[in-house]
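for reference, the sequence and a predicted model appear below.
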Amino acid sequence: MDARASAGAAPTTRLFCANRGTDSGGYCVAEMDRDRYEYALSPITVGRVELRNRIFVPAHTTNYGEDHLPSPRHLAYHEARARGGAGLIIFESIRVHPTSLGKPQGIAGYDKRCVERFQQISNAVHRHGAKLFGQIIHLGRQIDGDPVRVVPWAPSPIPWDPMSPIPHVMDQGDIAALIEGFVTSASHVLSGGLDGLEVHVGHGHLLQQFLSPASNQRNDEYGGTEENRLRLTLEVLEAVRDAVGPDACLGIRVSADEYLPAGLGVDDMIRIVPNVLKAVPLDFVNVSHSAYHNSYTLATQMADMAFATQPFRNLAASIRAAVRSHNHRTPVMAVCKFRTVEEADSMIGSGRADMVGMARAHIADPDLVVKATNGREDETRICIGCNQGCAGFLEKGLPITCLVSPSTGKESVWTPDPHDDRAERPRRVLVIGGGPAGLEAAWVAAARGHDVELWEKSKELGGQINWMKSMPLRRDFLVLTDTQIAACLRFGVTIKTEIEATARMARDADPDTIVLAVGSVPTPIAFEGGGEAVTLQAALTRSGDLGDEIAFYDTTGGWASASVVEYLAGLGKRLTVFIPTPSFAPHITKYSRPAVLKRMRDLGVRFLPMHRINRFEDGKVEVENMAYGTTHELDGFDAMVGAGPGRALSALHRELTSIMDDRSLVSVGDCVAPRTALEAVYEGHAAARAL
């Protein structure tokens, strides 16, 4: 089968979805009707700041800071999103006191050295017509004090996680220092040329810790009643407003629902927010949700693809209705899981928000707004909510990246759009393998001007991503490959499916470069004492044959195993998950794992950590308790499913190496070593950029 498209033809995603079937989870975009975006793309004045449209990039930690200062990497990152059409960018959390610094990447707003760096970034953002606000914050009890050797501060001696340090209980002197830090940081931010300020009163950070009864057990004037718990927030806001004057743009970010037992809910916040606006003149309210607490609430903060959107939409709408009912005209902003300008336009047009924030959507594609404005939505790299390159890297203390857009964080090295990075010498490129690594290599190379042909042995492109069709909560991954295939068609990649490549065929095709992306194959786990487990892929294909009582052995600790467990449990099967390590799914970010575990608890999944399986025969499992070194037997299982490492398909690389002359050869993705789509897409992208 041979599919061709010229670069000038640019098929839309709708065309591709028609071939694949819209019920496959693919993402389809209709041709643009500019009137649909009259709300999102209309200007708005916030305080005295005029914004060209109502789409903003919310503050989000990037880990791009250097020596506690904004960095050139910050500049390139934010300039790309300003160039891409956002009306407003809010710079990530600017720490107001040394006890809030944490990692070396944390930005010290109280340090006067930050002013010059902010000036450089604000100049870059302003050059492209966007505005830049700064978010000033103290993170409170969840800060990791080890990097700078300080103790975290909090209203009460309650850690954010049972294994975390007990925080220092703030006294009046600490509170005075905190307020002074907010004032100093606000002055530095505005001196750096930023257009406004956002005081963070949400996400379970310090001001919310004082505000919430779940984290404030004080019995002085800052604890007890709601009026007392709100006192510190009002003192900070009043001090900052007095310092910056009535004309400076000043707003707040709040959590409309902490999703935390004994915490603040939306009924509380629709009462509290109007009271704050009555007490202090503010120019906007940015509505988010969650509390930084190691439980289910943390997973809502950057809700992954498994979450529905409507509950979060309702929060901003409720706060806006409460604000308007008290005769405040203050603009109200909404965030969370907005992926397209169309979604933002609907939210604003229905009167549920005045502006819409899109953080991960802009991480995935900085040109999001420009593409929508120009009718090029089909070219947008859509955020799939995987939380692997953003939240996952954030948790590790690494600079954030993006699974669907490897150029994120590398804007000074790679242009966000590969088409703007034209190759000096076009080559004939053969890509073997049509999974996420091969598709990425193919479209990026073609966008840069190379003549690209892609071979795939199966009838359908997508590789192992296609297994997601069986799992409703993971099907957004199909958006990734739909987008990649549409890009291949747009840039003229010749696609040949159902072709089993050999080394001789590849050599005879006479390419200048061969990119091998043939992936890996699952291998069943064979137990030392006898028996073997069904692979994850086989379990998805034969789920009806597995019976009702299933033993599941997980040696990988990642999304693949968790997704299959959840899928099988969702079919009504009873699962007992054996794990040789102390915890389930340790490789899933803490920003998603609590929600995964909650859903599995609700489905009745049973977990046995620190249990290694030695044998499986006739429905009986012999397990070894890793903590005690004892073994025992469990009976009554209909099937054993195992998540183990796959096997890299490296034979073709070896064969080509032995017969290649001066042609270049590079392997990417799982055929190097089985990992995840994050590494596969990155390596495919990097290989194409290097051509």
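Perfect, thanks for sending it.

which residues does stretch 546-556 contact?
Residues from elsewhere that reach stretch 546-556, judged by CB atoms under 8 Å, 6 or more residues apart in numbering: 525, 533-534, 539, 561, 564-565, 568, 572-580, 584-585, 587, 613, 616, 621, 634, 636-645. From N, CA and C alone the C-beta is placed, and that goes for glycine too.

switch the cut-off to 6 Å
Here stretch 546-556 makes contact (CB atoms under 6 Å, 6 or more residues apart in numbering) with 533, 561, 565, 573-579, 613, 621, 636-644.

what of stretch 182-195?
Under CB under 6 Å, 6+ apart, the answer for stretch 182-195 is 49, 94, 96, 109-110, 114-115, 118-119, 122, 131-132, 134, 136, 197, 236, 239-240, 243-244.

buried ones in that stretch?
For stretch 182-195, the neighbour count (16 or more other CB atoms under 10 Å) marks 182-190, 192-195 as buried.

ditto for stretch 641-660
Within stretch 641-660, the residues that count as buried by 16+ other CB under 10 Å are 641-644, 646, 648-650, 652-653, 656.

how far is it from where the chain is centred?
Taking CA atoms, centre = their mean, to the nearest Å, one finds the center of stretch 641-660 at 30 Å from the center of the full chain.

what comes into contact with it?
503, 507, 516, 518-523, 525, 533-534, 536, 539, 550, 552-556, 561, 665, 667, 671, 673-674.

ok, stretch 93-111 next?
Under CB under 6 Å, 6+ apart, the answer for stretch 93-111 is 63, 65, 68, 134-139, 143-144, 147-148, 150, 153, 181-182, 184-185, 188, 397.

how near is the nearest residue to Ala569 once chain neighbours are set aside to Ala303?
In space, Ala569 comes closest to Leu603 once its chain neighbours are excluded; the distance is 4.0 Å by CB to CB, 6 or more residues apart in numbering. Look at Leu603 and Ala303: by CB to CB, to the nearest Å, they are 19 Å apart.

run the chain-centre distance for stretch 451-467.
26 Å.

list the buried residues for it?
Here stretch 451-467 shows 451-456, 461-467 as buried, counting by 16+ other CB under 10 Å.

let me know the closest of those to Phe307.
For the buried residues of stretch 451-467, the minimum distance to Phe307 (CB to CB) is 20.2 Å, reached by Ile465.

the buried residues of stretch 641-660 in helices, which ones?
Counting by DSSP state H, the buried residues of stretch 641-660 place 652-653, 656 in helices.

closest to Asn275 out of those?
His653 (65.5 Å).

so how far is Glu440 from the closest one?
Distance of His653 to Glu440, computed by CB to CB: 18 Å.

check Arg507 too.
For Arg507 relative to Glu440 (CB to CB), the value is 24 Å.

Lys598 too?
Taking CB to CB, one finds Lys598 at 33 Å from Glu440.

with Asp354 instead?
Distance, Asp354 to Glu440, by CB to CB: 37 Å.

who's more crowded, those two?
Neighbour totals were compared for Asp354 and Glu440, and Glu440 leads with 33 against 22 (other CB atoms under 10 Å).

how many residues are close by the residue lying closest to the more buried one once chain neighbours are set aside?
The shortest distance from Glu440 to any non-neighbouring residue, by CB to CB, 6+ apart, is to Gly684 (3.4 Å). Applying other CB under 10 Å, we find 30 residues neighbouring Gly684.

and the pLDDT at Gly684?
Looking at Gly684, its pLDDT reads 98.

so what's it up against?
For Gly684, the contact set (CB under 6 Å, 6+ apart) comprises 437, 440-441, 668.

out of these, who's nearest Thr340?
Glu440 (21.5 Å).

hmm, the closest one is touching Val681, no?
Yes. Between Glu440 and Val681 there is a contact at 4.8 Å, judged by CB atoms under 6 Å.

tell me where the stretch 451-600 of the chain has helices.
Assigned by DSSP state H, counting those that start in this stretch, the helices in the stretch 451-600 of the chain fall at 477-490, 503-508, 536-541, 559-570, 593-602.

outline the domain layout of this protein.
Listed domain ranges for the chain are 32-374, 421-522+648-689, 536-645 (source: automatic domain parsing).

quick one: closest of the ones you listed to Gln388.
Comparing the domains of the chain by CB to CB, domain 421-522+648-689 comes nearest, at 4.6 Å.

now the terminal residues of the closest one, how far apart.
For domain 421-522+648-689, the first-to-last residue distance is 8 Å (CA to CA, to the nearest Å).

check the offset of that domain from the chain's centre.
Here domain 421-522+648-689 is found 24 Å from its chain centre; the criterion is CA atoms, centre = their mean.

please apply the same query to stretch 56-66.
12 Å.

how about stretch 544-556?
So, by CA atoms, centre = their mean, the centroid of stretch 544-556 is 30 Å from its chain's centroid.

next structured bit after the helix or strand of the chain with the lowest mean pLDDT?
Across the helices and strands of the chain, mean pLDDT, DSSP states H and E gives its lowest value to helix 13-20, namely a mean of 28. Going down the chain from helix 13-20, the next helix or strand is strand 44-46, by DSSP states H and E.

picking up where we left off before, can you turn the buried part of the contacts of stretch 546-556 into a ChimeraX selection?
Here is the ChimeraX command that selects only those of those that count as buried (16+ other CB under 10 Å):
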select :533,561,565,573,574,575,576,577,578,579,613,621,637,639,640,641,642,643,644
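
quick check: which ranges of the stretch 1-150 of the chain have low pLDDT?
Counting by pLDDT under 70, the stretch 1-150 of the chain has low-confidence residues at 1-36.

and for the chain?
In the chain, residues with pLDDT under 70: 1-36.

and the residue located most distally from the centre of it, how far is that from Leu575?
Computed with CA atoms, centre = their mean, the maximum C-alpha offset from the centroid of the chain is found at Asp618, amounting to 43.1 Å. From Asp618 across to Leu575, the span is 19 Å (CB to CB).

which residues touch Gln208?
Residues in contact with Gln208 (CB under 6 Å, 6+ apart) are 201-202.

assign a three-state SS to it, would you?
helix (DSSP: H, G, I helix; E, B strand; the rest coil).

and Arg663, how many neighbours?
16.

for Ala595, same thing?
There are 20 residues near Ala595, going by other CB under 10 Å.

who's in contact with it?
Ala299.

apply 7 Å and report the result again.
296, 299, 306 (CB atoms under 7 Å, 6 or more residues apart in numbering).

which of those residues fall in helices?
Using DSSP H, those in helices are 296, 299.

neighbour-wise, which one of the contacts of Ala595 leads?
Ala299 (27 neighbours).

excluding covalently adjacent residues, which one is nearest to it?
Of all residues not flanking Ala299 in the chain, Ala595 sits nearest, at 3.5 Å (CB to CB, 6+ apart).

one step back: between the ones in helices among the buried residues of stretch 641-660, which is nearest Asp482?
Closest to Asp482, out of all of these and judged by CB to CB, is Leu652, at 26.8 Å.

if I look at the closest one, how far off is Asp635?
Applying CB to CB to Leu652 and Asp635 gives a distance of 44 Å.
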